[in-house]
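[1] kindly generate the corresponding structure for this input.
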Amino acid sequence: MSPTSRPIKPRAIGLVMRFGYTLCGGAPGVLTRTRLALRDGEVTLQAPEDDPLWTGETVLRRFEAVGRAFGRRAVIRLDGRKLVARA
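    Next up is the predicted model:
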């Protein structure tokens, strides 16, 4: 995550960590194929389109919780294609 002008709350950090573990299931190397960034009022997850990891209901719910924790919209970009997670 990129540093922001606002301090990051410990709860938000915890939600990011929980989301990361949910996304990779503890498997080494999975997270290296993704990027998580704060920018332009969004929390953005960049992932390869052919990777089914991002599609699960739990993954989407936890990513949306990350967005809410940062007061931003949760956006998924799959190989550049933008998908907005539910609010």
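[2] ok now stretch 14-24, how far from the chain's centre?
    8 Å (Cα atoms, centre = their mean, to the nearest Å).
[3] pull out the buried residues from it.
    L15, V16, F19, G20, T22, L23, C24 (16 or more other Cβ atoms under 10 Å). Yep, even glycine has a C-beta here, placed from its N, CA and C like the rest.
[4] with stretch 67-82 instead?
    Buried residues in stretch 67-82 (16+ other Cβ under 10 Å): G67, A69, F70, R72, R73, A74, V75, I76, R77, L78.
[5] just put the buried residues of stretch 14-24 in TSV and tack on distance to F63.
    Below are the buried residues of stretch 14-24 laid out as TSV (distance: Cβ to Cβ, whole Å):
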residue	distance to F63
L15	9
V16	10
F19	6
G20	10
T22	9
L23	8
C24	13
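[6] in helices only, show me those.
    L15, V16, F19, G20, T22, L23, C24 (DSSP state H).
[7] about what we covered before: how about the buried residues of stretch 14-24 in JSON lines, adding distance to V30 and pLDDT?
    Output for the buried residues of stretch 14-24, formatted as JSON lines (distance: Cβ to Cβ, whole Å; pLDDT from 0 to 100):
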{"residue": "L15", "distance to V30": "18", "pLDDT": "95"}
{"residue": "V16", "distance to V30": "15", "pLDDT": "94"}
{"residue": "F19", "distance to V30": "13", "pLDDT": "93"}
{"residue": "G20", "distance to V30": "9", "pLDDT": "90"}
{"residue": "T22", "distance to V30": "11", "pLDDT": "89"}
{"residue": "L23", "distance to V30": "7", "pLDDT": "85"}
{"residue": "C24", "distance to V30": "4", "pLDDT": "84"}
